[in-house]
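*Asks:* following is a predicted model, sequence given first.
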Amino acid sequence: MSKLDLRKELRKYYSAKKKPEVIEVPPGKFLMVLGRGAPGGEAYQEALQALYGFAYTLKFKCKAEGRDYTVMALEGQWWWDDKSIFTLDDAPPREEWNWNSMMRVPDFITQQMLDEVRPELREKRGKGVDLVKLETFHEGLCAQIMHRGPYSEEGPTVKMLHEFIWDNDYKFRGRHHEIYLSDPRRSKPENIKTIIRQQIE
């Protein structure tokens, strides 16, 4: 059985340099779950459990049908009710953060597939799975940079990216986007790699 290696096929969009760069990101299908609350809080953890539940259940369903593929990295968009805020220095309390947790899936994943596995997942993981949806997301023109180190130390990296955007006469649009390339449970804090991305125009 051949295996679709999404990480290899989409490597250009799941890698970044230590210095800011501009990239054009094509549309793709994503499992998504919207929520509100502190990163790592109860609502956030429940959302991730539902998201990973769908990601692996769909993978094994497809594998049984002869279409195996790699599960992609967790991604997250973060924003606040005040759309003028773009930096952590001005951010409200963490309990007021909005997020969209997401994972890219192959284009052959359909809404019907989600509907078929949702009842089984609901029994195993609770009603949180009802929040997971399948959407096409077209990020388009973005600026991005690689952050290496703990999530709590992203500030200087984000600042560097924002200064690059301003210095090159781009404007912000969309939401702050992070792609988590490392498993924090298995990586030393100083080795955690995260792509920081911002839509621009």
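*Replies:* Sure, I can see it.

*Asks:* tell me the buried residues in stretch 181-196?
*Replies:* For stretch 181-196, burial by neighbour count (16 or more other Cβ atoms under 10 Å) applies to Leu181, Ile192, Lys193, Thr194, Ile195, Ile196. Placement of C-beta: from N, CA and C, glycine included.

*Asks:* swap that for stretch 72-91, sorry
*Replies:* For stretch 72-91, a neighbour-count test (16+ other Cβ under 10 Å) marks Met72, Ala73, Leu74, Glu75, Gly76, Gln77, Trp78, Trp79, Trp80, Phe86 as buried.

*Asks:* average pLDDT across it?
*Replies:* Averaged across stretch 72-91, the pLDDT comes to 86.

*Asks:* now swap in stretch 45-63 and tell me
*Replies:* Stretch 45-63 comes out at a mean pLDDT of 94.

*Asks:* same deal with stretch 4-22?
*Replies:* If you average the pLDDT over stretch 4-22, you get 95.

*Asks:* hang on, the earlier thing: mind putting the buried residues of stretch 181-196 in CSV, pLDDT, secondary structure and distance to Ala47 included?
*Replies:* Output for these, formatted as CSV (pLDDT from 0 to 100; DSSP: H, G, I helix; E, B strand; the rest coil; distance: Cβ to Cβ, whole Å):
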residue, pLDDT, secondary structure, distance to Ala47
Leu181, 95, coil, 20
Ile192, 95, coil, 20
Lys193, 96, strand, 22
Thr194, 97, strand, 18
Ile195, 98, strand, 20
Ile196, 98, strand, 21
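
*Asks:* turn these into TSV, including distance to Glu116.
*Replies:* Listed next are those as TSV, based on distance: Cβ to Cβ, whole Å:
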residue	distance to Glu116
Leu181	30
Ile192	35
Lys193	35
Thr194	33
Ile195	32
Ile196	36
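
*Asks:* just flag the most distant two among those.
*Replies:* The span of the buried residues of stretch 181-196, defined through Cβ to Cβ, is set by Ile192 and Ile196 at 12.4 Å.

*Asks:* read off the pLDDT value for Asp107.
*Replies:* With respect to pLDDT, Asp107 scores 96.

*Asks:* now the helices for the chain?
*Replies:* Using DSSP state H, the helices of the chain run over 6-9, 42-64, 111-125, 155-167.

*Asks:* how about these, which one is nearest Lys133?
*Replies:* Checking these against Lys133 by Cβ to Cβ gives helix 111-125 as the closest, at 7.8 Å.

*Asks:* cool, thanks, talk later.
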